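J.: Here is a sequence with its predicted model. Questions after.
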Amino acid sequence: MEVRPAAPADVPAVVPMVAKICAFHEAWDPAKYSFLPGTPERYRHWLTTRAGDERSVFLVADANPKLVGFLIGTVENEIPIYRLKQYGFIHDLWVDEDYRHEGVGRQLVMMAVERFKAMGMEQVRLDTAFPNDVARKLFASCGFRPSTTEMLLQLTV
Ligand SMILES: CC(C)(COP(=O)(O)OP(=O)(O)OC[C@H]1O[C@@H](n2cnc3c(N)ncnc32)[C@H](O)[C@@H]1OP(=O)(O)O)[C@@H](O)C(=O)NCCC(=O)NCCS
């Protein structure tokens with residue numbers, strides 16, 4: 001198992017994992033995670049660009065010959081009322097079911113943290129779905145702490 005930066009050629013193998021992570025979140029909270037049809041395909045172009053972007057962190061877990069996990073993060077700008085101007089943000093993390101509990105997720109997260117640090121970022125942030133205790137436990141073991149808790153009120157049926 002090798003955790004390494006993704007290349008554009010990896011994107012076709014990552015898109016099905018994007019579909020799985022969308023379905024995973026939508027099953028938990030279809031109001032919050034109400035994806036447009038074709039969202040994984042929309043990722044295709046975005047991920048291909050991210051693979052060559054020095055302000056992005058796009059990593060894959062390679063169990064040669066197949067990919068079994070990925071992480072995508074980008075540098076985000078804070079709004080101009082805060083002292084901190086930019087921070088690293090982890091958008092998605094996925095490890096295929098058959099490869100879980102082997103430390104792959106942890107390797108992806110720790111490499112992403114190192115790469116954001118090398119870019120000069122002072123913070124790395126991410127969101128987790130409220131029921132996702134497994135992900136929070138993993139991130140906590142990598143040094144993350146809880147920050148805000150988003151609340152949601154649905155006004156339509
Ligand atoms: C969250 C997720 C990425 C974790 O991936 P993973 O590869 O299983 O993560 P790790 O193996 O690094 O750590 C998970 C657990 O395995 C344990 N572990 C790590 N190496 C191990 C080993 N060699 N043997 C046994 N257990 C091990 C870790 O201690 C951890 O256990 P714990 O949860 O009881 O503390 C994966 O469950 C996933 O893809 N979930 C669905 C998508 C998701 O939730 N993404 C995050 C969105 S914010």
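T.: Here it is on my side, so go on.

J.: Grab the most central residue of the protein for me.
T.: Asp92 (1.9 Å; CA atoms, centre = their mean).

J.: Enumerate the positions of the lengthiest strand in the chain that are buried.
T.: Counting by DSSP state E, the longest strand found in the chain is strand 66-77. For strand 66-77, burial by neighbour count (16 or more other CB atoms under 10 Å) applies to 67-75. No exception for glycine: its C-beta is placed from N, CA and C like everyone else's.

J.: Rebuild those as JSON lines, extending it with pLDDT and distance to Ala140.
T.: What follows is the buried residues of strand 66-77, written out as JSON lines (pLDDT from 0 to 100; distance: CB to CB, whole Å):
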{"residue": "Leu67", "pLDDT": "98", "distance to Ala140": "26"}
{"residue": "Val68", "pLDDT": "98", "distance to Ala140": "23"}
{"residue": "Gly69", "pLDDT": "98", "distance to Ala140": "19"}
{"residue": "Phe70", "pLDDT": "98", "distance to Ala140": "21"}
{"residue": "Leu71", "pLDDT": "98", "distance to Ala140": "17"}
{"residue": "Ile72", "pLDDT": "98", "distance to Ala140": "21"}
{"residue": "Gly73", "pLDDT": "98", "distance to Ala140": "18"}
{"residue": "Thr74", "pLDDT": "98", "distance to Ala140": "22"}
{"residue": "Val75", "pLDDT": "98", "distance to Ala140": "23"}
